[in-house]
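Asker: got a predicted structure here, sequence first:
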Amino acid sequence: MFKRKDFFYKKAKNEGYRSRAAYKLIEIQNKFKIFNKRSNVLDLGAAPGGWLQVANKYVNSGKIFGIDILEIEPIENITIIKGDITEIDLKKYFGQIKFDVILSDMSPNLSGVKHADYFKSYNLSLTAFDIAKKYLKINGNFVVKIFKGKEFDDFNKILKKHFQKVKIFKPKSSRDSSAETYIVCKNFLEHGKEI
């Protein structure tokens with residue numbers, strides 16, 4: 001069992017981030033440069049708001065939206081939407097906005113049955129990608145968390161058809177014991193490509 005008050009947990013508390021997950025996105029930004037100052041950003045499964053805080057740090061003039069079924073305490077300059085991403089009418093909130101960056105740090109409610117949990121993670125990742133296909137700008141970036149089960153390779157292949165660059169990344173701030181992996185996808189393609 002991990003120690004709750006580990007290094008990144010304490011660091012987040014000291015630096016005012018709502019979760020240790022903030023450092024995962026900081027690492028991703030430092031390595032892959034997914035944001036710029038004008039990026040429009042959508043964060044799926046955004047509670048408690050750590051990734052929104054990080055996006056807010058890098059974006060000056062773009063719009064930032066966060067969606068979660070759970071409550072998210074307000075953050076200045078960010079539009080919070082409470083609801084299930086599979087049920088709410090996103091167009092009602094976004095209008096004609098397309099996003100430069102779509103993020104998904106969504107995780108299923110864990111049952112402890114490894115394969116079942118990995119499959120749920122895969123389905124959540126597919127849902128996030130379906131939203132990305134509708135709302136991501138051409139050449140936009142997509143970052144998605146997935147548990148590395150037997151469906152992982154299939155999902156990775158799907159992403160490679162739709163993005164110029166696809167990289168697998170395990171942040172240092174991710175616990176060693178965790179099966180979570182991030183797929184960082186850059187330059188969304190209008191028509192996809194053959195693999």
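Answerer: Here it is on my side, so go on. Numbers count the residues shown, from 1 in each chain.
Asker: against residue 15, how distant is the residue most central in space within the chain?
Answerer: What sits nearest the mean C-alpha location of the chain, by C-alpha atoms, centre = their mean, is residue 104, with 2.2 Å. Using C-beta to C-beta, to the nearest Å, we find residue 104 at a distance of 23 Å from residue 15. Quick note: C-beta positions are derived from backbone N, CA and C, even for glycine.
Asker: ok, now residue 25?
Answerer: Counting by C-beta to C-beta - residue 25 and residue 15 are separated by 13 Å.
Asker: quick one on the thing from earlier: the residue nearest to the centre of the chain contacts residue 130, doesn't it?
Answerer: No. Using C-beta atoms under 8 Å, residue 104 makes no contact with residue 130, being 10.8 Å away.
Asker: just to revisit the earlier point, so for residue 25 and residue 15, which residue has more residues nearby?
Answerer: Comparing residue 25 with residue 15 by other C-beta atoms under 10 Å, the one with more neighbours is residue 25, at 27 against 10.
Asker: ok, residue 11 touching residue 26?
Answerer: No. With contact defined as C-beta under 8 Å, residue 11 and residue 26 do not form a contacting pair (10.6 Å).
Asker: neighbour count: those two, which is higher?
Answerer: residue 26 (18 against 14).
Asker: how about that one, phi and psi?
Answerer: phi -60, psi -40 (degrees, to the nearest 10).
Asker: in this structure, which strand is the longest?
Answerer: Assignment by DSSP state E gives strand 136-147 as the longest strand of the chain.
Asker: what's it in contact with?
Answerer: Strand 136-147 is contacted by residues 25, 28, 32, 34, 40, 98-107, 117-118, 121-122, 124-125, 128-129, 132, 152, 155, 159, 163, 179-190 when judged by C-beta atoms under 8 Å, 6 or more residues apart in numbering.
Asker: then it to PDB, C-alphas only?
Answerer: The C-alpha trace of strand 136-147 is given here as PDB (Å, rounded to 0.1, in the frame of the first residue of the first chain):
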ATOM      1  CA  LEU A 136     -10.200  18.900 -31.600                       C
ATOM      2  CA  LYS A 137      -8.800  21.300 -34.100                       C
ATOM      3  CA  ILE A 138      -6.800  19.900 -37.000                       C
ATOM      4  CA  ASN A 139      -3.100  19.700 -35.700                       C
ATOM      5  CA  GLY A 140      -4.500  19.700 -32.100                       C
ATOM      6  CA  ASN A 141      -3.100  17.600 -29.200                       C
ATOM      7  CA  PHE A 142      -4.700  14.900 -27.200                       C
ATOM      8  CA  VAL A 143      -3.400  13.400 -23.900                       C
ATOM      9  CA  VAL A 144      -5.200  10.300 -22.500                       C
ATOM     10  CA  LYS A 145      -4.700   8.100 -19.500                       C
ATOM     11  CA  ILE A 146      -5.200   4.300 -19.900                       C
ATOM     12  CA  PHE A 147      -4.400   1.300 -17.800                       C
END
